[in-house]
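>>> model this:
(chains A and B)
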Amino acid sequence: MTPWLDTLMVLVIFTSLKLLGSSRLGSCIRTAAFQGVLLGFLPIVAHPGSLAPRLLFMAAAAIGLKGVVFPWLLFRALRGARVRREVEPFVGYTSSLLVGLLALIAALWAARHLRVPGRPISPLLVPVALSTMLVGLFLIISRKKALSQVLGYLVFENGIYAFGVGVAYEAPLLVELGVLLDVFVAVFVMGIAIFHIRREFDSIDTTRLETLRY
Amino acid sequence: MILALLLVPVVAAVLAFLPGAAPLRRGLLVLAAAIHAGLSLATWAAPASPQWHGMLALDAAGRLVLTVTSALFFFVALYVAGYLGREVKDERPDFEEGFLFTNAPEAVFVACLLLFLASMTLVSVSQHFGMTWVGIEATTLVSAPLIYFHRHHRSLEATWKYLMICSVGIGLALLGNFFLAIAATRPLGSTTPLLLQTLVAEAGSLQTDWLRSAFILLLVGYGTKMGLAPLHTWLPDAHSESPSAVSALLSGALLNCAFLGILRGVQVCQAAGLGDFARSLLVVFGLLSMGVAAVFLTAQTDYKRMLAYSSVEHMGILTLGIGIGGGGTFGAMFHMVNHSITKAMLFLLAGNILNAYGTKSVDEVQGIVRRLPASGCLWVTGLFAITGTPPFSLFLSEFLIARAAIEAGRLALAAAFLVLLAWIFAAMSRSMLRMAQGSPPARVAAAPAEPFLAVAPPAALAVAALALGLIVPGPLLSLLRQAAAALGGP
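Just a heads-up that it's a prediction; the model follows:
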């Protein structure tokens, strides 16, 4: 257990809570990017002493994508949309924060029952990864703006990434690059979709998408 | 061989972006589809050698999915070549609400179609769980622009739902892969590579509680993509709002790829002695999907949505067949082939009807047989084929699944299966026969004859559905047996 890793994990929890309690879309994009960068350092911090070039390369790729490319794409999608805030989400900010805390408690409880075999890891890693996933899913269903839903997807993906990197997963480089590429294209395509939603409805409110039923 | 299968559509997709005459680009699409289909057929004659340390290889199930995908894509490419020629280039009014809309650029559409083929090929040749995930997620991303070909608010809504629901679902499958990696941790801390063959070979040493959770996550994740109820909500929207040729590919080829992802999980569970656990989950999802489809098929007013819910039904039958096990496994593999052929044909015909009548409403379409003789006859043929009437091939596979349920002594399950099939037959034939009969409304009475490229592909698929119902060729039979044997079938 390293103090660095635990500090990193606590910071990730703070970013999740900030995302839950903040209404400004711009600051949400920055917070999600910061969370991505924090988790980008995870492979280096979680496996100290083994600074393999492959590990460094993956960390650099993740940090570059989540810290630079994604915020740039999302700010570009936001440009032209007159909204700057998430107005009247389905669940208010105070309640959202409470949900975030509940998610953390549930994750801590679940992690006690998940005994990860093999190498010992920080006791915070699994609960933080699980709670990040839950917060991401909650953001997707509780927010109305298309951009907030993409941010929720990113947070969800961050949680899965943390779990994968932290808990002894050694995939071939090809597969890891493929996963990163897929996430990149996902955000890219969602960004384009947001652009079209704004043009079509003059708003990026997904409550306008309600024609198709049954 | 495998690399060529992947590279041909990718290279063609890049070429599609080059400036050039539209007919040239359509020719490129058909040419790439033909080469791909030829290469897929060649894998039947000479086994393709594994690539990248065995990460890419063709097993029986993969070859089956690859062949179905490649063959369907070829027929759809022919249909698309004709369809793009008939599409109006400029702004035109929407037939349901009357607002003006345009199409996405044709180059983007053709390139995405080809990339869609490449990603589905990747899924079918992948032997590595991570690579399969990469392929299935890629199919979502490259098919989203296809659904949004007609740029209006309904298709945009369908695209957004498709992107969000499938991305989150497939995210869960990625978590399932990580769980699988933990399950595969060796006592000393090193991890077994997530190759299908290795996992099956070392299945005895897998940690079963992690494997169990991994399978649930894979089933929910890929099940979202496959359209299993209650995770199917994106499917009717995407299938009804995309161009009919794209619907044919989504339903006939894409759903199989997601199914293949689940089958890989079943294969590992089976080897690790968790076969019964996996199968009981599949039975629940299968019956639920059939039930939900039956409810929504009753009084469905939109015929493309009707076909989409019928896909939910057939995906339910596939999972149910695997879930019953025994002869049902073979039945499910055969059913996958039959459903793809028949459903692709029906979606292509739905495109012809939509083109002539300008409406997706069941009530406003009448007299297809008179107005579009070829499409109309095929539409009625398709109705009997999709509802599993003899002598069509879906009858055979549904019969095999029902028989397997009875042989396993699960009479209640068999009864529920047959009742749901009868219910769906009644619901679909009521709508589809009413559309075929009667006299066409006056506004669609006079129009040019049906173009060859709009009728020939569905006609060829109809012949295939009938032929497979009469005789199953030897090579296909042995391939189906191999695929079923890998899943623990007889």
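
>>> switch to C-alpha atoms for all contacts and neighbour counts from now on
Noted.

>>> check what pLDDT residue B:187 gets.
Model confidence at residue B:187, given as pLDDT, is 66.

>>> what is the neighbour count of residue 5?
No chain was given, so I picked chain A. The number of residues packed near residue A:5 is 23, by other CA atoms under 10 Å in any protein chain shown.

>>> meant chain B, my bad for not saying
Neighbours of residue B:5 using other CA under 10 Å come to 22.

>>> wait, isn't it in contact with residue B:123?
No: if you go by CA atoms under 8 Å, residue B:5 and residue B:123 don't touch, sitting 11.8 Å apart.

>>> show me the contact partners of stretch B:481-490.
B:59-61, B:263, B:266-267, B:270, B:325-330, B:333 (CA atoms under 8 Å, 6 or more residues apart in numbering or on different chains).

>>> wait, isn't residue B:49 in contact with residue B:4?
No: look at residue B:49 against residue B:4 with CA under 8 Å: they stay out of range, at 11.7 Å.

>>> ok, and the most crowded of the contacts of stretch B:481-490?
residue B:328 (32 neighbours).

>>> that residue sits in which helix or strand?
Assigned by DSSP states H and E, residue B:328 belongs to helix B:327-357.

>>> any idea of the mean pLDDT in the one helix or strand residue A:151 maps to?
Residue A:151 is part of helix A:146-166, with elements assigned from DSSP H and E. Within the predicted structure, the mean pLDDT of helix A:146-166 is 88.

>>> how about residue B:50, what does it touch?
B:2, B:56, B:57, B:58.

>>> so which of those residues comes closest to residue B:82?
Minimum distance to residue B:82 across those is 29.7 Å, recorded for residue B:2 (CA to CA).

>>> need the contact list for that closest one.
Neighbouring residues of residue B:2 by CA under 8 Å, 6+ apart: B:48, B:49, B:50, B:51, B:56, B:57, B:125.

>>> now with 10 Å?
B:39-40, B:43, B:48-51, B:56-58, B:121-122, B:125-126 (CA atoms under 10 Å, 6 or more residues apart in numbering or on different chains).

>>> for residue B:468, same thing?
Applying CA under 10 Å, 6+ apart, the residues near residue B:468 are B:334, B:337, B:338, B:391, B:392, B:393, B:394, B:396, B:476.

>>> tell me which of those has the lowest pLDDT.
Lowest confidence among the contacts of residue B:468: residue B:391, with 90.

>>> just the pLDDT for residue 172.
You didn't say which chain, so I picked chain A. 69.

>>> I was after chain B.
On pLDDT, residue B:172 comes in at 93.

>>> next: residue B:277.
So, for residue B:277, pLDDT stands at 93.

>>> where does pLDDT dip in the stretch 101-250 of chain B?
B:187-191 (pLDDT under 70).

>>> ok, 80 please
B:185-192 (pLDDT under 80).

>>> can you pull out the strands in chain B?
B:92-93, B:100-103, B:150-151 (DSSP state E).

>>> pick the most deeply packed of those strands.
strand B:150-151 (a mean of 18; mean count of other CA atoms under 10 Å in any protein chain shown).

>>> could you report the neighbour count for the residue in the stretch 201-350 of chain B positioned nearest to chain A?
Nearest residue of the stretch 201-350 of chain B to chain A: residue B:237, at 6.4 Å (CA to the nearest CA). Neighbour count of residue B:237, defined by other CA under 10 Å: 25.

>>> now swap in residue B:88 and tell me
Neighbours around residue B:88, by other CA under 10 Å: 10.

>>> now swap in residue A:59 and tell me
Neighbours around residue A:59, by other CA under 10 Å: 19.

>>> repeat that for residue B:356.
Neighbours around residue B:356, by other CA under 10 Å: 19.

>>> what would the contacts of residue B:468 look like in a markdown table with neighbour count?
Supplementary listing: these in a markdown table, determined by neighbours: other CA atoms under 10 Å in any protein chain shown:
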| residue | neighbour count |
| --- | --- |
| B:334 | 28 |
| B:337 | 24 |
| B:338 | 28 |
| B:391 | 16 |
| B:392 | 26 |
| B:393 | 29 |
| B:394 | 30 |
| B:396 | 21 |
| B:476 | 14 |
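
>>> now, the most widely separated pair of the residues you listed?
So for those, where distance means CA to CA, the most widely separated pair is B:391 and B:476, at 18.4 Å.

>>> among the contacts of residue B:2, which ones are buried?
Neighbour-count burial (16 or more other CA atoms under 10 Å in any protein chain shown) applied to the contacts of residue B:2 gives B:39, B:40, B:43, B:48, B:50, B:56, B:57, B:58, B:121, B:122, B:125, B:126.

>>> what distance do you get for the fourth one to chain A?
Right, the one you point to is residue B:48. The spacing between residue B:48 and chain A, counted by CA to the nearest CA, to the nearest Å, is 21 Å.

>>> repeat that for the last one.
Residue B:126 is 11 Å from chain A, where distance means CA to the nearest CA.

>>> secondary structure element for the nearest residue to residue A:165 once chain neighbours are set aside?
Leaving aside its sequence neighbours, residue A:165 sits nearest to residue A:43 (CA to CA, 6 or more residues apart in numbering or on different chains; 6.0 Å). Using DSSP H and E, residue A:43 sits within helix A:42-46.

>>> let me see the mean pLDDT of the next helix or strand after that helix.
Next in sequence after helix A:42-46, counting helices and strands by DSSP H and E, comes helix A:53-63. Averaged across helix A:53-63, the pLDDT comes to 83.

>>> elements contacting helix A:53-63?
Applying 3 or more CA pairs under 10 Å, 6 or more residues apart in numbering or on different chains; DSSP states H and E, one finds that helix A:53-63 contacts helix A:25-40, helix A:42-46, helix A:173-201.

>>> so which other helices or strands are in contact with the longest one?
Contacts of helix A:173-201 with other secondary structure elements, assessed using 3+ CA pairs under 10 Å, 6+ apart, are made with helix A:53-63, helix A:70-78, helix A:146-166, helix B:129-147, helix B:153-183.

>>> rerun at 6 Å
helix B:129-147 (3 or more CA pairs under 6 Å, 6 or more residues apart in numbering or on different chains; DSSP states H and E).

>>> can you list contacts of the helix it packs on?
For helix B:129-147, contacts defined as CA atoms under 6 Å, 6 or more residues apart in numbering or on different chains pick out A:175, A:178, A:179, B:112, B:116, B:119, B:122, B:123, B:126, B:159, B:194, B:242.

>>> residue ranges with poor pLDDT in chain A?
A:1-2, A:46-55, A:79-88, A:114-122, A:166-178, A:181, A:195, A:199-214.

>>> most centrally placed residue in it?
residue A:155 (1.6 Å; CA atoms, centre = their mean).

>>> from residue A:149, how far off is it?
10 Å (CA to CA, to the nearest Å).

>>> please apply the same query to residue B:40.
Using CA to CA, residue B:40 is found at 40 Å from residue A:149.

>>> ditto for residue A:3
Distance from residue A:3 to residue A:149, by CA to CA: 33 Å.

>>> find me whatever residue is spatially closest to residue B:103, sequence neighbours aside.
residue B:150 (4.7 Å).

>>> my bad, should have said residue B:329
residue B:322 (4.6 Å).

>>> check residue B:70 too.
residue B:37 (5.1 Å).

>>> got it, and residue A:149?
What sits nearest to residue A:149 in space, not counting adjacent residues and going by CA to CA, 6+ apart, is residue A:140, at 4.4 Å.

>>> tell me which other helices or strands the strand or helix carrying that neighbour touches.
Per DSSP H and E: residue A:140 is located in helix A:125-142. On a contact count with 3+ CA pairs under 6 Å, 6+ apart, helix A:125-142 meets helix A:93-113, helix A:146-166.

>>> and those, which is most packed in?
Ranked by mean neighbours (mean count of other CA under 10 Å), the helices and strands packed on helix A:125-142 are led by helix A:146-166, with a mean of 25.

>>> next, the angle from that one to helix A:173-201.
Counting by axes from the mean of the first three to the mean of the last three CA atoms, to 10 degrees, helix A:146-166 lies at 170 degrees to helix A:173-201.

>>> number of nearby residues for residue B:424?
Using other CA under 10 Å, residue B:424 is surrounded by 23 other residues.
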